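1. Sequence and predicted structure below; questions after.
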Amino acid sequence: MKIAVLGGGNGSFAAAGDFALQGHEVRLWRRDTEAVAQHRAAGSRIAVKDARGRHDAQLALVTTDIAEAVRGAELIVCPAPAFAQHDIARALAPHLADGQVVYLPPATFGSFIFAKAAHDAGNRADVAFAETGTLPWLTRKHGPFEVAITIRARRLPTGVFPRRSAPYALAVIGKAFPGVIEDCGDALSGALMNAGCIIHPPLIVMNAGPIEHFERWDIHKEGTQAAIRRVTDALDAERIAIRERLGYGAPHFPLAHHYAKEGEEWMYGRGSHDRLTDSGDWREQLVLTEHRYMREDLRVGLSFLTSVARLAGVATPLASAFLAIGGAICGENFLADGRTLESVGLGGLDRAALQKLLKEGFPR
């Protein structure tokens with residue numbers, strides 16, 4: 001299958017390398033002209049390290065031309081941060097063609113942002129947009145063209161916009177992730193599976209002192225103590241309450257399963273947290289006000305969660321508190337400036353109108 005991967009970060013390199021190792025024809029797009037030139041000069045290859053060793057992945061193309069990257073691609077995968085989605089969506093919008101599937105793992109309702117960008121650009125191609133609850137790889141780049149994959153996801157609950165396109169979209173995505181994709185409903189259901197805005201805000205806020213004190217800090221090891229885990233579970237209960245109020249059924253993939261030694265497997269499978277901390281890849285320098293956990297998972301992710309909670313009529317005291325505290329740490333107003341249903345253009349819809357749009361999509 002021809003796959004285009006958008007972005008130049010950890011997730012994008014893991015995606016491009018992993019898909020190429022599976023035998024797919026992979027094109028990698030990123031905006032950094034100098035980095036693309038260097039990558040081409042190095043042979044357009046990615047070294048992938050995992051538990052089985054080191055593997056050499058050959059890409060079909062590395063380019064700064066997004067039209068060239070996605071032309072003829074059956075699947076377009078964009079693991080870029082949520083705060084980069086608007087720019088990438090606008091760049092991609094004119095180039096989408098009938099039958100293509102755009103997959104954002106994860107997205108914080110980015111699937112709708114990409115769909116709306118195409119519609120606003122006047123592109124009426126029949127395209128499906130989908131998102132899941134986590135990055136399919138626990139991964140870190142170890143060099144400019146080298147990526148380490150600690151864990152590959154074993155379950156990826158995926159929502160599709162428009163919902164009517166789900167059978168086709170899930171079949172295409174399943175070719176890239178065989179045996180892993182699980183249908184969880186529409187795109188909003190997929191957005192409400194996002195684990196980042198549950199696991200990371202307590203870690204980045206409740207560990208603010210040691211993060212600023214220590215040169216390097218493993219937020220998932222020393223930072224994941226029993227008190228923080230209790231708060232994480234309580235925050236996750238708010239997410240699940242929203243899902244239930246909106247009529248989305250189980251499984252809700254509670255984050256507690258990520259840490260559990262028994263019971264239902266979470267997205268990364270059994271023992272993934274221990275393997276993550278054992279890798280040492282998350283012992284890093286953290287700039288509190290700039291880190292992705294703050295800028296994406298808290299400012300964007302929790303803002304979106306609380307806006308959906310207002311529509312559903314669900315109280316979210318913990319999510320609102322983390323937004324207030326995180327904003328104070330950064331000297332900003334996250335309660336006012338984050339992603340919301342209003343900011344993505346859905347503020348005027350009631351639940352019935354929103355559900356209809358999620359099912360049918362934009363008029364063509």
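-> In hand now; what should we look at?
2. Are we agreed that Leu302 is in a helix?
-> Yes - read with DSSP: H, G, I helix; E, B strand; the rest coil, Leu302 is one of the residues of a helix.
3. Go ahead and confirm it touches Ala319.
-> Yes - counting by Cβ atoms under 8 Å, Leu302 touches Ala319, with 4.9 Å between them. To be clear about C-beta, it is placed using only N, CA and C from the backbone, and glycine gets the same treatment.
4. Tell me which residue lies nearest the centroid of the protein.
-> The centroid of the chain falls nearest to Pro106 when counting by Cα atoms, centre = their mean (1.8 Å).
5. Name the SS class of that one, please.
-> Following three-state DSSP, the label given to Pro106 is coil.
6. contacting residues for it?
-> Pro106 makes contacts with Glu131, Thr132, Gly133, Thr134, Leu135, Met193, Asn194, Ala195, Gly196, as judged by Cβ atoms under 8 Å, 6 or more residues apart in numbering.
7. Could you list the low-pLDDT ranges of the stretch 251-364 of the chain?
-> Within the stretch 251-364 of the chain, the ranges that satisfy pLDDT under 70 run 276-278, 282.
8. if we can go back for a sec, got any residues that touch both of Leu302 and Ala319?
-> With Cβ under 8 Å, 6+ apart, Leu302 and Ala319 have common neighbours Pro201.
9. Show me which of those two is the more surrounded one.
-> Per other Cβ atoms under 10 Å, whichever of Leu302 and Ala319 has more neighbours is Leu302, with 32 against 25.
10. show me the contacts for that one.
-> Here Leu302 is in contact with Cys197, Pro201, Ala319, Phe322, Leu323, Gly326, Phe334, Gly338 (Cβ under 8 Å, 6+ apart).
11. so what's the fourth one up against?
-> It stands for Phe322. Phe322 makes contacts with Pro201, Pro202, Val205, Leu235, Leu298, Leu302, as judged by Cβ under 8 Å, 6+ apart.
12. Same list (the contacts of Leu302) but as TSV, adding distance to Ser44 and secondary structure.
-> Formatted as TSV, the contacts of Leu302 follow (distance: Cβ to Cβ, whole Å; DSSP: H, G, I helix; E, B strand; the rest coil):
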residue	distance to Ser44	secondary structure
Cys197	35	helix
Pro201	38	helix
Ala319	43	helix
Phe322	41	helix
Leu323	42	helix
Gly326	39	helix
Phe334	40	helix
Gly338	37	coil
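13. Would you list the buried entries among those residues?
-> For the contacts of Leu302, a neighbour count by 16 or more other Cβ atoms under 10 Å gives the buried set as Cys197, Pro201, Ala319, Phe322, Leu323, Gly326, Phe334, Gly338.
14. so how far is Lys175 from the residue nearest to the first one when sequence neighbours are not counted?
-> I take that to be Cys197. Leaving out its chain neighbours, the residue that sits closest to Cys197 by Cβ to Cβ, 6 or more residues apart in numbering is Gly301, at 2.7 Å. Separation of Gly301 from Lys175 (Cβ to Cβ, to the nearest Å) stands at 28 Å.
15. Neighbour count: the two, which is higher?
-> Per other Cβ under 10 Å, whichever of Gly301 and Lys175 has more neighbours is Gly301, with 28 against 16.
16. pretty sure the more buried one contacts Gly196?
-> Yes - the criterion here is Cβ under 8 Å, and Gly301 meets it with Gly196 at 5.7 Å.
17. list residues touching both of the two?
-> Residues touching both Gly301 and Gly196 by Cβ under 8 Å, 6+ apart: Thr108.
18. Next, format the contacts of Leu302 as JSON lines and append distance to Pro251.
-> As requested, the contacts of Leu302 are exported to JSON lines (distance: Cβ to Cβ, whole Å):
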{"residue": "Cys197", "distance to Pro251": "18"}
{"residue": "Pro201", "distance to Pro251": "23"}
{"residue": "Ala319", "distance to Pro251": "21"}
{"residue": "Phe322", "distance to Pro251": "25"}
{"residue": "Leu323", "distance to Pro251": "27"}
{"residue": "Gly326", "distance to Pro251": "29"}
{"residue": "Phe334", "distance to Pro251": "30"}
{"residue": "Gly338", "distance to Pro251": "27"}
